[in-house]
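*Asks:* need a 3D model of the following:
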Amino acid sequence: MAASVSLDNVRNIGISAHIDSGKTTLSERILFYTKRIHAIHEVKGKDQVGATMDFMDLEREKGITIQSAATFCMWKDYNINLIDTPGHVDFTIEVERSLRVLDGAVLVLCSVAGVQSQSITVDRQMKRYKVPRICFINKMDRAGANPFRGVQMLREKLAHNAHLITYPIGAEDQFQGMVDLVTMKAFYFDGDNGEKIREEECPADLLDKCKEARENLIAAVGDFDEVVGMKYLEGQEPTVDEFRAAIRKATLSLNFTPVMTGSAYKNKGVQLLLDAVTYYLPNPTERENIALDQNKNEERIVLKSDTSAPLVALAFKLDEGRYGQLTYMRIYSGTVRKGDVIFNAVNDKKVKVPRLVQMHADQMNDLEEAKAGDIVAFFGVDCASGDTFTDGKVKYTMTSMFVPNAVISLAIAPKDKTGQANFSKALNKFTKEDPTLRVHRDEESAQTIISGMGELHLEIYCERIKREYNCEVIVGKPQVAFRETIIQKANFNYTHKKQSGGKGQFGRVSGYIEPLPADAVVGYEFVDDIAGGVIPRNFIPACDKGFQEAVKEGRLIGFPIVGVRVTIDDGAYHDVDSDELSFKTAALMGFREAYEKAGPTVLEPIMKLQSAAPEEFQGTVMGQINQRRGMIVNSATNEGYATIDAEVPLSEMFGYSTDLRSATQGKGEFSMEFQKYSAVPRNVQEDMVKKYQEKKAKDAK
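*Replies:* As a prediction, the model looks like this:
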């Protein structure tokens, strides 16, 4: 990085959009025009090299961005730190954590599709972190390109106060360049890669339309800037500098979105976008960054982007490479040098900074120091994603990024026992890197369960375990945690007798089992109603143990039994042959005898499901829920979006995310949480019992 660049000339920006809008292609052009790379490579196609920012093999094969990639470049006198983020909803955490640390963003829209489902999600994330943005309507060379509809959709679907600041000259295969509405000059991009910019007067046939668009733009930004506002009212023309200052002020207020047009693939308009980034997006000093002072009861502190202030940095992304952990950091205040000792404010651990680098995709450039406003990476600093670091003079923490809940789970195991060590290593690494990937061991089924944002998300991790850790994995449906219960009272009277030369075994227990009330907190209750010493007091706990053993595994499908009260009220013992084991066995067998007569039933977990999709898909989404034995509780529509609340059995929810997305053109979203246990329908129970009996018979062989 050029050390001479002042903070006013630093821009930390991200490129975000719906999948396939051209983010990575745009990043590639930015790197080319800023001379960071000397040749342009494409995301898909015959290009063997692949785009610079998609450096993972999987990204190159699938032609999608999976991880956010950071780089930096110089444009004119400005230093631009750039993060290219994924568009697919399954990798939404990558966008989330990037926007958390960026000062500005470029929202890319496709000129044909306009605002799509993921554009809505990304916009929500930008609003969450109060990130000012420029909108770039890309793919102007495509058939059906219509940037004016894009602007309309920005206003209607995202409620943006959006206005064109460049006006397209032609569209589709006639797309030639654009008119800058601030200077009213036309720009054309010549040469093999559009590197030669030709500036001309506005074409005569577009003059009226451009004047009208410019008039609207002046009126819109005049609301944010007094100078331009007054000139507009008095019918005077603002100067170029006044006009740019007004657009900047409007953009930074978060209540105005400047819209540009272009085609990254055809190398048109990217240089003007870079200019706009320097003109209209904030430098680090113009963003309000809040820290919480842990010594003052989490009092809110506004951090100044001052290089001489105490150090405050946020670790926003971890990447476990071949040479150890790479920790991406955004430095909010202060300066850090190679060899400095810094403190993790979360656990008070001291860490020495062995190596400081600036990332260019997967390449590293060593640095001696990093200052407020920089985005850099530390080598060998062990921490978790979202930790705050200081120089020990203050105890501040930054608020972390928002982490959405996992929506889908899979059971996963290494194919060979020999791969167990690598398998554990991979899961440890991935869960540290990605907060949306969760791993837990299901004690009941002894399975390792991974949960994430969608089937593609988990599929990518399974593939990475195979490639990066040379460990083949078997993936299966996770076992649903069923339960068993009873619906009526049943008596038992069981005598356990065993005579085998010498001391025998004897114990008789009598009583009944009954269902607990529906609102009972415990799953099992033991009641001792023995009177007159028919069972000695010292054997009562053994009876309880026997019943507890019995409820561990039900007789229908082998799952635990819940919601049961056991009462013993009679029995018999033998002075010589009775012992604890006799009564424990009598209780276990007595329970099983009564269980068969008590109407045993299988219970399944019922999930509270909320699905949302554009209104036109409401019927389809409801149909899908009904097919999955779901019960619709409520449905509502708001601003063209339908939200459906339902109760659905968990066992029917596998594959739902894929089905929902394919039925709603990728626009459907859902969230799911556990609600209650409920009895499975009789026909489903019969099937389950039959399968369990077959499995038992098979295992017995």
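*Asks:* isn't Ala105 right up against Asn12?
*Replies:* No: distance between Ala105 and Asn12: 9.6 Å, which falls outside the contact criterion (C-beta atoms under 8 Å). Heads up, the C-betas are built off the backbone N, CA and C, glycines and all.
*Asks:* now stretch 312-319: how far from the chain's centre is it?
*Replies:* The chain centroid and the centroid of stretch 312-319 are separated by 17 Å under C-alpha atoms, centre = their mean, to the nearest Å.
*Asks:* would you mind checking the average pLDDT for it?
*Replies:* Per-residue pLDDT values over stretch 312-319 give a mean of 87.
*Asks:* give me the residues contacting it.
*Replies:* If you take C-beta atoms under 8 Å, 6 or more residues apart in numbering as the criterion, stretch 312-319 is touched by 67-68, 94, 97-98, 100-101, 291, 303, 325-334, 336, 342, 377, 381, 383-390, 394, 396, 398, 401, 432-433.
*Asks:* equivalent analysis for stretch 577-585, please.
*Replies:* In this structure, residues lying in contact with stretch 577-585 by C-beta under 8 Å, 6+ apart are 496, 498, 503-507, 509, 535-536, 539, 542-543, 545-546, 549, 573.
*Asks:* what about the lengthiest strand in the chain, average pLDDT?
*Replies:* Among all segments of the chain classified by DSSP state E, the strand with the greatest residue count is strand 601-614. Mean pLDDT, strand 601-614: 88.
*Asks:* can I get the helix or strand just after it in PDB? Just the C-alpha atoms.
*Replies:* Counting by DSSP states H and E, the element after strand 601-614 in chain order, helix or strand, is helix 618-627. Extracted C-alpha coordinates of helix 618-627, given in PDB (Å, rounded to 0.1, in the frame of the first residue of the first chain):
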ATOM      1  CA  GLN A 618     -48.200 -18.600  -2.400                       C
ATOM      2  CA  GLY A 619     -50.400 -21.600  -3.600                       C
ATOM      3  CA  THR A 620     -47.300 -23.600  -4.600                       C
ATOM      4  CA  VAL A 621     -45.600 -23.100  -1.200                       C
ATOM      5  CA  MET A 622     -48.800 -24.100   0.700                       C
ATOM      6  CA  GLY A 623     -49.200 -27.200  -1.500                       C
ATOM      7  CA  GLN A 624     -45.600 -28.300  -0.700                       C
ATOM      8  CA  ILE A 625     -46.300 -27.900   3.000                       C
ATOM      9  CA  ASN A 626     -49.500 -29.900   2.800                       C
ATOM     10  CA  GLN A 627     -47.600 -32.700   1.000                       C
END
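*Asks:* downstream neighbour of the lowest-mean-pLDDT helix or strand in the chain in the secondary structure list?
*Replies:* The helix or strand of the chain with the poorest confidence is helix 57-62; it has a mean of 65 (mean pLDDT, DSSP states H and E). On the C-terminal side of helix 57-62, the closest following helix or strand by DSSP H and E is strand 69-75.
*Asks:* sorry, back to before: which strands and helices lie in contact with the longest strand of the chain?
*Replies:* Applying 3 or more C-beta pairs under 8 Å, 6 or more residues apart in numbering; DSSP states H and E, one finds that strand 601-614 makes contact with strand 483-485, helix 618-627, strand 641-649, strand 669-679, helix 682-700.
*Asks:* tell me the strands beside that strand, with direction?
*Replies:* Sheet pairing of strand 601-614 (DSSP bridges) gives strand 483-485 (antiparallel), strand 641-649 (antiparallel), strand 669-679 (antiparallel).
*Asks:* for Ser263, list each beta-bridge partner.
*Replies:* The bridge-partner assignment for Ser263, based on DSSP bridges, gives Lys268.
*Asks:* what's the pLDDT at it?
*Replies:* In this model, Ser263 is scored at 94, pLDDT.
*Asks:* what's around it, how many residues?
*Replies:* The burial metric for Ser263, expressed as a neighbour count using other C-beta atoms under 10 Å, is 26.
*Asks:* before we move on, what about the one 4 residues further on?
*Replies:* The tally of other residues near Asn267 (other C-beta under 10 Å) stands at 20.
*Asks:* burial measure for Pro238, as a count.
*Replies:* 21.
*Asks:* quick one: it from Lys552, how far?
*Replies:* Distance of Pro238 to Lys552, given as C-beta to C-beta, to the nearest Å: 79 Å.
*Asks:* for the residue nearest the centre of the chain, which non-adjacent residue is closest in space?
*Replies:* Centroid check for the chain by C-alpha atoms, centre = their mean gives Ile93 as the closest residue, at 3.9 Å. Nearest in space to Ile93, with sequence neighbours left out and distances taken as C-beta to C-beta, 6 or more residues apart in numbering, is Thr436 at 4.4 Å.
*Asks:* touching, that neighbour and Ala406? I think so.
*Replies:* Yes: in terms of C-beta under 8 Å, Thr436 counts as a neighbour of Ala406; the distance is 6.5 Å.
*Asks:* find residues that contact each of these two.
*Replies:* In terms of C-beta under 8 Å, 6+ apart, Thr436 and Ala406 are both contacted by the residues Gly452, Met453.
*Asks:* quick one: which of those two has more around it?
*Replies:* Residue environment comparison for Thr436 versus Ala406 gives the larger neighbour count to Thr436, 21 against 17, counting by other C-beta under 10 Å.
*Asks:* quick one: residues contacting that one.
*Replies:* With contact taken as C-beta under 8 Å, 6+ apart, Thr436 is in contact with Thr92, Ile93, Val403, Pro404, Ala406, Gly452, Met453, His457.
*Asks:* now the host helix or strand of Thr251, how far from the chain's geometric center?
*Replies:* When secondary structure is defined using DSSP H and E, the element that contains Thr251 is helix 240-252. Here helix 240-252 is found 35 Å from its chain centre; the criterion is C-alpha atoms, centre = their mean.
*Asks:* Ile540: neighbour count?
*Replies:* For Ile540, the number of neighbouring residues by other C-beta under 10 Å comes to 17.
*Asks:* I'd like the distance between the nearest residue to it once chain neighbours are set aside and Phe539.
*Replies:* Closest residue to Ile540 in three dimensions, ignoring its sequence neighbours and counting by C-beta to C-beta, 6+ apart: Asp528, at 5.6 Å. Summarising the geometry, the distance separating Asp528 from Phe539, computed by C-beta to C-beta, is 11 Å.
*Asks:* more neighbours, these two?
*Replies:* Here Asp528 and Phe539 are set side by side on neighbour count (other C-beta under 10 Å), and the busier one is Phe539, at 21 against 16.
*Asks:* quick revisit: can you tell me which of the contacts of stretch 577-585 are in strands?
*Replies:* Under the assignment DSSP E, these contribute His496, Lys498, Gln505, Phe506, Gly507, Val509 to strands.
*Asks:* so can I have CSV of those showing distance to Val351?
*Replies:* Output for those, formatted as CSV (distance: C-beta to C-beta, whole Å):
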residue, distance to Val351
His496, 64
Lys498, 66
Gln505, 64
Phe506, 68
Gly507, 63
Val509, 63
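*Asks:* among those residues, which one has the most neighbours?
*Replies:* Top of these by neighbour count (other C-beta under 10 Å): Val509, with 33 neighbours.
*Asks:* that one contacts Ile568, doesn't it?
*Replies:* Yes: in terms of C-beta under 8 Å, Val509 counts as a neighbour of Ile568; the distance is 5.5 Å.
*Asks:* contacts only, for Pro560.
*Replies:* For Pro560, the set of contacting residues under the criterion of C-beta under 8 Å, 6+ apart consists of Glu444, Arg483, Glu484, Gly523, Val551, Lys552, Glu553, Gly554.
*Asks:* please read the previous query as pertaining to Ser263.
*Replies:* Under the criterion of C-beta under 8 Å, 6+ apart, the neighbours of Ser263 are Asn138, Lys139, Met140, Asp141, Phe175, Gly269.
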